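**Student:** sequence? don't have it. structure:
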């Protein structure tokens, strides 16, 4: 456990051992315990940096103010004041010379961002740029932000980039709250595209954000699924927790903690989609949030993989999800404005030794959400995937020590994430305020080194 | 040097030391010495696997036959015959069930692909799929191929994926020759999109592929630039080698080896674009191949980076390239059917600690080629970028031992690449036969672990 290591590192009697292992002492990451607050930035020092000809600063200012802070435009040079949140409007950076603003803004800030601080850079979408140089400049900001994340990560600071076109500026508020909020604990080095494809919901509650919503989380007896169910319930959702009959005890325990309804089912059974459709129609008249968390691994090199290991993984991790969505969408069980989140994986992004089956399915989900998004936009439905990196669960506890330590450390934050961190990203994508994001796969990996 | 390690590992007296270091003994990678051959697959065992409803197999068959081999459709079960090249038409894989073909084809092959073998999977483009499930299946193949590359890499086998739509099937031949050829030594885990945006050249020579072409390689006194100049000259191009005056001796030496013309110039000087335009107009009436290899690093954390370190890197690595292209394109110095290749970097893909400036510029080039490609397609011009991973050069020789060994090993082939490997990818992208590829960034990194 990374917690154990942190405890050892903090204890003067054992700190030397940790040091000898050559492992850096990771910063203690800030995490929320409760649900969203209406004014989460209240009491925080926020800096909003503008760039010449930028078009997002006013929207960003409004979002920051609505979240409870009056942002500064610059820090006083001789003070030692720390800043908790830095937001930069870089949408005006359309040439190599314009991009000097990145240096000018961040160079003087580098030693003045507080631990567990947040950086959000907002750029123009490269593929909508007027000319190739402007596209290059916009795309260059992605490389800059990733490098910045690697430099700031040791202090628990996350750096993310939102690409937003002029027609989607009204959709920035949700992204600002999440990527600048405590909830972005383990989300760093990401690029999220904010688009106008999905219409705005009638109401945009930021606290108790899921009140009145019905949510299904598959595979929620344990781990990320359980943390997600818990998190959705915190936001006021009525949660249904699904898992296989073999996990009944854990499932009931999870449900009793949060007033959720247990549902025991094998999602890959042929009758599962119709059973789910009937259950939600009868019980709630529909479904608002669907988190496809259930998934299995059956790791073997392809040389040694029996065919049923291939089939099982494909059926549960991919075919079952497609079959369930097909029915729930066709029968309109998933209501207008619904949110679907699929659990992909770093293995799906980059492939992994011994996981040809798993990597296939988790990559498939990346393509699946990208292709479904435009089809579902007219119904106000957003569909996205998250790709967890090293998240501390029973699965990672079973890894050999050295492999576990390596996996845990190979990211900008120098530690593993917790199921809650993945749950925070999922919960955000399930909120009405995330309506600017659909078709995306976002990693929750502490800016893991491993990639494609 | 990785060579040193390999020598030590092979020597019985020192092999034990290498073993104790815990470093796997990397396979000796096959590399070409000469230029392209007309029938490079002659004498090789090639297997062409079809999938139900696939549309690319006939084109693949024609490409393989033209390259000198009569492919098998399956291996004999009880023989121990090895296969050198596996090509799979997976364009028919449009559902989870269809994708079982991936298992069925590769499971029995896993122990039968020869060292330094090549795998090329051809899939449908996910974003052109008829429905979301087909898109998911197509995208899933990417995850599968990356996992496969990680399993096969220790034997020097590369695995790549080409996504091709029906309207671009006639453009597969070049990709088949490169990705299944010895030249793909250090290119693995890549996905390349073959499109119909650029019209076919009048002639498609596969040997002496650049005869009659005029090429400019910037920064070619040493390293990848020099290897590229050498490689282009091998294919028959008249090469002009450009470098800064300070590198005059090395530049002249490089040129004398290959009959190239030296050109001493600072590409970031304001007059450079016009000087280049005049030079090529006067001397050759135009330019066919432009390799933007020149680039610098000035590494510092952003906290410690002086502003001229930012400016220098941005000016040379990004602004100079844009300025040169602007003039050479506007004045039509770059002829119809020209090829432009930019040198990006893994730092541009993933960001890197201490390289905010460099990562910005190398990411910018990824956006630049993507945005230029559609604009230049009507002139028959292709523009692409390559992103080298750990390539053994003077720069990597200067790295601290442990960092160098780690960088070298963190890829599927368990070793660094050579400048020639990058030059092979660049040379391929400069050939007429690569006309199906434009706007892409392809990594030459041995399927490096590090990603975005």
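**Tutor:** In hand now; what should we look at? Fair warning: this is a prediction, and the values are worked out from it, not measured in the lab. Numbering: from 1, shown residues only, chains lettered A, B, ... in the order given.
**Student:** quick check: residue A:418 vs residue B:143, distance?
**Tutor:** 25 Å (C-beta to C-beta, to the nearest Å). To be clear about C-beta, it is placed using only N, CA and C from the backbone, and glycine gets the same treatment.
**Student:** neighbour count winner among these two?
**Tutor:** residue B:143 (32 against 20; other C-beta atoms under 10 Å in any protein chain shown).
**Student:** got a pLDDT number for the more buried one?
**Tutor:** Per-residue confidence (pLDDT) for residue B:143: 98.
**Student:** now do the one 5 residues further on
**Tutor:** Confidence per residue is given as pLDDT, and for residue B:148 that number is 98.
**Student:** what helices and strands are in contact with the strand or helix carrying it?
**Tutor:** If you go by DSSP states H and E, residue B:148 is part of helix B:132-152. Counting by 3 or more C-beta pairs under 8 Å, 6 or more residues apart in numbering or on different chains; DSSP states H and E, the packing neighbours recorded for helix B:132-152 are helix A:320-330, helix A:346-350, helix A:356-376, helix B:100-106, strand B:113-123, strand B:158-164.
**Student:** the residue of the stretch 351-452 of chain A found nearest chain B: what's it in contact with?
**Tutor:** In the stretch 351-452 of chain A, no residue comes nearer to chain B than residue A:451, which is 1.6 Å away by C-beta to the nearest C-beta. For residue A:451, the contacting residues are A:346, A:349-350, B:349-350, B:449-452, by C-beta atoms under 8 Å, 6 or more residues apart in numbering or on different chains.
**Student:** biggest separation within those, which pair?
**Tutor:** Taking C-beta to C-beta, the two most distant members of the contacts of residue A:451 are A:346 and B:349; they sit 15.1 Å apart.
**Student:** the two: which is more packed in?
**Tutor:** Between residue A:346 and residue B:349, counted using other C-beta under 10 Å, residue B:349 has the larger neighbour count: 26 against 23.
**Student:** quick one, what contacts that one?
**Tutor:** A:143, A:451, B:362-363, B:366, B:387, B:441, B:443, B:451-452.
**Student:** within range of chain B, give me the residues from the stretch 351-452 of chain A.
**Tutor:** Residues of the stretch 351-452 of chain A lying close to chain B (C-beta under 8 Å from any C-beta of the partner chain) are A:351-368, A:370-372, A:375, A:449-452.
**Student:** including distance to residue B:254 and mean pLDDT, could the helices and strands packed on helix B:132-152 go into TSV?
**Tutor:** As requested, these are exported to TSV (distance: least, C-beta to C-beta, whole Å; pLDDT from 0 to 100):
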stretch	distance to residue B:254	mean pLDDT
helix A:320-330	55	98
helix A:346-350	37	97
helix A:356-376	42	98
helix B:100-106	43	98
strand B:113-123	28	98
strand B:158-164	28	98
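**Student:** quick one: closest of those to residue B:186.
**Tutor:** Of these, nearest to residue B:186 by C-beta to C-beta is strand B:158-164, at 7.9 Å.
**Student:** list the contacts of the strand or helix carrying residue A:217.
**Tutor:** For residue A:217, the host element (DSSP H and E) is strand A:214-218. Defining contact as C-beta under 8 Å, 6+ apart, one finds that strand A:214-218 is touched by A:225, A:228-229, A:232, A:237-243, A:263, A:267, A:276, A:280, A:284, A:286-294, A:430.
**Student:** re the thing from before, how far away is the residue of the stretch 351-452 of chain A closest to chain B from residue B:387?
**Tutor:** Distance from residue A:451 to residue B:387, by C-beta to C-beta: 12 Å.
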